[in-house]
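Colleague: Fold the stuff below for me.
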Amino acid sequence: MSLFKEDRMKSKEQLNISSKFKITKVVDIEDATHWIPTYDENIPMNSAVTVGGKYRLVYDKFEDEDCIIDDDGHLSLIYLCHNGDFVKMEEVIYEE
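Modeller: Below you'll find the model as predicted:
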């Protein structure tokens, strides 16, 4: 199967396959794929993340740490001071 997104989407349409995501809360950032901010009374409402949003964790080789890309498009470590949950998102594919 091709790795190109449009080919995968085409294949799913032809086979009538849908996908959803299973989200599991994890404790260790090493097991997480995303971070979801939760309400935090100590953080202004106009911060660079949206409560309930899903932010993919990305590894920054230069800084040697995991970051997110915030709503402004910047690498951020806001998860260190903002309430939130580390989660593992897995795609679940099923045939309709």
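Colleague: where does this structure have low pLDDT?
Modeller: Screening the chain residue by residue with the criterion pLDDT under 70, one finds the ranges 1-19, 94-96.
Colleague: and with 50 instead?
Modeller: Applying pLDDT under 50 to the predicted model, the residue ranges of the chain that meet it are 1-13.
Colleague: could you pull out the helices for it?
Modeller: Counting by DSSP state H, the chain has helices at residues 5-15.
Colleague: for it, longest strand please?
Modeller: With DSSP state E applied, the strand covering the greatest number of residues in the chain is identified as strand 84-95.
Colleague: what distance separates it from the centre of its chain?
Modeller: 9 Å (Cα atoms, centre = their mean, to the nearest Å).
Colleague: buried stuff in that strand?
Modeller: Buried residues in strand 84-95, defined by neighbour count with 16 or more other Cβ atoms under 10 Å: 84, 86-87. Every residue, glycine included, has its C-beta placed from N, CA and C.
Colleague: Perfect, I'm done here.
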